[in-house]
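*Asks:* coordinates only, no sequence provided:
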């Protein structure tokens, strides 16, 4: 059983708080913060860090868990070409490539940056960490049931990496999934989803309806019995479980970093990484990065301060977090969530670590992507390099040890 941010205790089979959406409060089931524990014999993150996974604790059988995680990983490899391994982390000299007027003058100087590269992870981004972690929870619950039962459909709202990641893991386990996408979803992504056997549901914007229509249709599906198989903590608190493995890896690989710039759409990535780093004892401050074309978290940060702090903001969620208007836009399409669903967890982490939000002008999004590709040779996308854009805009003092996450490949 997990406890919600509102104080309610959720039953053991719940993915989200039963009060969510009923009273105007913020509702997110919070995972316990485990003690640091690493199995140095494995390079598979879900085995290496298993004793810090909630799914492992709920399985209560180490041998079964290691075997089942291994078999699921083998199935993922058959679908996607390879399974999970600890991803690379290295230092690079990165600076702007031109005299971009939107950048501080010092950003023309190349700086040493720690780069955590997720572009060659399962499905081409970090997102499969979340969905693989969720699948482990489903398999644990299935085992506890003790008998074969009809598998409820999975559902996710996404137009890109999260959708592909969910479909890859679902295909590996032959679990039916419906993906809710906007009408302008990238054709190549839609084709890949169909190749993976996912049902693709296009969701046009509805006049008078605020927010992402894909997310609304997803919520309706969950209300009808589908399992929330996405990357929003309020819909499924367990999605943070797998995402934390990225923070665990970074804590091990780069213990000297003092700040980490994380691109924020729905917010689960930043929340997961911050928690993983904290469990690993890292002192890194969380800097949350959004673009001018969609920055609901930065808006909420300011409004939270006006309300007197996070506790009060949680009690008045609609006063600090609501859908971004007009329609979000940016080359960093993967972080254009109308709302930062995990805003409170990200805000809490920024406050705890001495971090802050950064809003990036659109010209810097492309500038940072070009700079990152040139310096590292990594085929990162504008979304995947948006954290670097935040670093270039924030321009921390010389002598700091910043890190960025390259979270997705250019498809």
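*Replies:* Structure received. All values derive from a computational prediction rather than experimental measurement.
*Asks:* neighbours of the nearest residue to residue 95 once chain neighbours are set aside, how many?
*Replies:* Spatial nearest neighbour of residue 95, excluding adjacent residues (Cβ to Cβ, 6 or more residues apart in numbering): residue 110 at 3.6 Å. The C-beta positions use only the backbone N, C-alpha and C, and glycine is treated the same way. For residue 110, the count of nearby residues is 13 (other Cβ atoms under 10 Å).
*Asks:* wait, residue 110 touches residue 94, no?
*Replies:* Yes. With contact defined as Cβ atoms under 8 Å, residue 110 reaches residue 94; the gap is 6.4 Å.
*Asks:* list phi and psi for residue 374.
*Replies:* For residue 374, the backbone dihedrals (degrees, to the nearest 10) come out as phi -60, psi -40.
*Asks:* measure residue 256 to residue 9 for me?
*Replies:* Look at residue 256 and residue 9: by Cβ to Cβ, to the nearest Å, they are 39 Å apart.
*Asks:* picking that back up, list the contacts for the residue nearest to residue 95?
*Replies:* Contact partners of residue 110, counting by Cβ atoms under 8 Å, 6 or more residues apart in numbering, are 93, 94, 95, 375.
*Asks:* and the last one, helix, strand or coil?
*Replies:* Here residue 375 is helix, with the state taken from DSSP: H, G, I helix; E, B strand; the rest coil.
*Asks:* isn't it up against residue 111?
*Replies:* No. Using Cβ under 8 Å, residue 375 is not in contact with residue 111, being 10.2 Å away.
*Asks:* overlap of the contact sets of those two?
*Replies:* The overlap between the contact sets of residue 375 and residue 111 (Cβ under 8 Å, 6+ apart) consists of 93, 94, 95.
*Asks:* and the strands in the stretch 201-350 of the chain?
*Replies:* For the stretch 201-350 of the chain, applying DSSP state E, counting those that start in this stretch gives strands covering 227-228, 259-263, 285-291.
*Asks:* just send these back as TSV, with mean neighbour count and distance to residue 126 too.
*Replies:* Below are those laid out as TSV (neighbours: other Cβ atoms under 10 Å; distance: least, Cβ to Cβ, whole Å):
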stretch	mean neighbour count	distance to residue 126
strand 227-228	22	19
strand 259-263	27	10
strand 285-291	28	15
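*Asks:* so which of those comes closest to residue 160?
*Replies:* Nearest to residue 160 among the strands of the stretch 201-350 of the chain is strand 259-263 (12.8 Å), distances taken as Cβ to Cβ.
*Asks:* could you give the angle of the closest one to strand 285-291?
*Replies:* Strand 259-263 and strand 285-291 are oriented at 30 degrees to each other (axes from the mean of the first three to the mean of the last three Cα atoms, to 10 degrees).
*Asks:* in its sheet, what does strand 259-263 sit against?
*Replies:* strand 285-291 (parallel), strand 402-406 (parallel) (DSSP bridges).
*Asks:* can you put the ones you listed in a markdown table and add distance to residue 366?
*Replies:* Converted to a markdown table, the strands paired with strand 259-263 look like this (distance: least, Cβ to Cβ, whole Å):
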| stretch | distance to residue 366 |
| --- | --- |
| strand 285-291 | 11 |
| strand 402-406 | 15 |
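*Asks:* how far is whichever strand or helix holds residue 133 from where the chain is centred?
*Replies:* Secondary structure from DSSP states H and E places residue 133 in helix 127-145. Taking Cα atoms, centre = their mean, to the nearest Å, the mean C-alpha location of helix 127-145 is offset from the chain mean by 16 Å.
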